[in-house]
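> next one to model:
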Amino acid sequence: MPVHDFKSIQPTNVNVIDQLLVNHLHAIRLNQDDERLITILEDPFVPPIETIVAVYCVYRKSILDLLQGRIASIESYDFQRASAKDKLLTAESVEGVLDMATFVVIASEDNTYMSHYFIGGEAEKLNSILNVCFGHPNLIDEQASNHSIKRFEKDVLIVEKMGCQAFIGSER
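So this is what the prediction gives:
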């Protein structure tokens, strides 16, 4: 197993996170004023509306299977096969998948780096990806707990096993 310099992992710019979600995870960017999102945005865990920079819908079965751990890596044959079967949608045609989709809300206090996020739906590995996007916990808080540092290191390894490290700029 390679030796990692976890402390060198910097926070990821919200534009890079947008590219990750749209280009690599094939999420659809939605207008936060879309009335189909009212119940999601009313969740008490959603970041404050004034800090939200984007709302996304992750709907492709292959991507959801990856993020839920049913497929191990984007580099696997299982992922390639499932991805070839996916139907592509647009923001206008997303209505039919709203019940099964995972929603992601990205917020930023400074419009540069993510300050909060919300995931509506089952996607444990997406949580790992977004946690890595925060950067090493000591960069944010010099007194970061051992628990948060260990969780971050675990998330980096999960993202690496998924084959997604290059998407967030933490490629080793």
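> please name the nearest non-neighbouring residue to Val22.
The spatial neighbour of Val22 that comes closest, neighbours along the chain excluded (Cβ to Cβ, 6 or more residues apart in numbering), is Arg29 at 6.0 Å. Using the backbone N, CA and C atoms, a C-beta is placed for each residue, glycine as well.
> so which bits of the host helix or strand of that neighbour are buried?
In the assignment (DSSP states H and E), Arg29 maps to strand 28-30. Using 16 or more other Cβ atoms under 10 Å as the test for burial, strand 28-30 gives Ile28, Leu30.
> which secondary element of the chain has the worst mean pLDDT?
helix 137-140 (a mean of 72; mean pLDDT, DSSP states H and E).
> which residues touch the helix or strand following that one?
Moving toward the C-terminus from helix 137-140, the next helix or strand (DSSP H and E) is helix 146-162. Helix 146-162 is contacted from outside by 4, 6, 9, 66, 72-74, 125, 127-129, 131-132, 134, 136-138, 165, 168, 170, 172, using Cβ atoms under 8 Å, 6 or more residues apart in numbering.
> among these, which ones are buried?
Buried among these (16+ other Cβ under 10 Å): 6, 9, 66, 74, 125, 128-129, 131-132, 134, 136-137, 165, 168, 170.
> show me where this protein has its helices.
Taking DSSP state H, the helices of the chain run over residues 14-19, 38-41, 61-67, 77-85, 124-133, 137-140, 146-162.
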